[in-house]
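In: no FASTA, just this:
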């Protein structure tokens, strides 16, 4: 069992009926995970893989581009404390969702922008905020969003060395950067 270094919980434990989960792919999962574990109302984060076509992804297989999986972070949260809309605001503003199969210098399908929803309300909010954010990007003369929106894909936990990487290695690499565009609301 892998324990979370900040929340001190099992990364593969069940989530309570009061909590929800959503997956975010925003490039390298190290910085993405830190982005979300700092938010009040987030109960657990975990680095992993999703959105592909194989059942046994790992870091080297995913980086080969042969699995179709992206590096993602599972965010388990209490919707009474932090809303899905607030999480989506962080998602849109903290990376560049227009870069296709990369984020900054990180290139490959594993770094693509991706949201995996687990209920219809999450999907509707993801679609709505994508539309609103695209309008803001258009106003700023930026490109078209390439973010994939998927429903209910399996989450595969990444290897222990990738979990809470920037907590264990505070000076570690983080290429996470947004567009400078805010999501209204």
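Out: On my side now, so go ahead. Computed from a predicted structure; not experimentally measured.

In: can you map out the strands along the chain?
Out: Ranges of strands within the chain are 20-26, 42-50, 70-77, 102-103, 106-107, 113-117, 148-151, 156-157, based on DSSP state E.

In: would TSV of those with mean neighbour count be doable?
Out: The way it works is simple: take the backbone N, C-alpha and C, and place the C-beta from them, glycine included. As requested, the strands of the chain are exported to TSV (neighbours: other Cβ atoms under 10 Å):
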stretch	mean neighbour count
strand 20-26	25
strand 42-50	24
strand 70-77	26
strand 102-103	22
strand 106-107	14
strand 113-117	25
strand 148-151	14
strand 156-157	18
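
In: is it possible to get a markdown table of those strands that adds distance to residue 166 and mean pLDDT?
Out: A markdown table is the format used below for the strands of the chain (distance: least, Cβ to Cβ, whole Å; pLDDT from 0 to 100):
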| stretch | distance to residue 166 | mean pLDDT |
| --- | --- | --- |
| strand 20-26 | 14 | 98 |
| strand 42-50 | 10 | 98 |
| strand 70-77 | 12 | 98 |
| strand 102-103 | 16 | 95 |
| strand 106-107 | 15 | 95 |
| strand 113-117 | 20 | 98 |
| strand 148-151 | 25 | 98 |
| strand 156-157 | 17 | 98 |
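
In: what about residue 116, distance to residue 160?
Out: Residue 116 sits at a distance of 22 Å from residue 160 (criterion: Cβ to Cβ, to the nearest Å).

In: typo on my end, residue 177
Out: 27 Å.

In: do the same with residue 184
Out: 39 Å.

In: those two: which has the busier surroundings?
Out: Per other Cβ atoms under 10 Å, whichever of residue 184 and residue 160 has more neighbours is residue 160, with 12 against 9.

In: surely the more buried one is in contact with residue 2?
Out: Yes. Between residue 160 and residue 2 a contact is recorded at 5.1 Å, counting by Cβ atoms under 8 Å.

In: which residues touch the closest residue in space to residue 44 that isn't next to it in sequence?
Out: Nearest non-adjacent residue to residue 44, counting by Cβ to Cβ, 6 or more residues apart in numbering: residue 76, 4.1 Å away. Shown in contact with residue 76 (Cβ atoms under 8 Å, 6 or more residues apart in numbering): 15, 19, 20, 21, 42, 43, 44, 45.

In: report the two of the residues you listed separated the most.
Out: Within the contacts of residue 76, 20 and 45 form the most distant pair, 13.4 Å apart (Cβ to Cβ).
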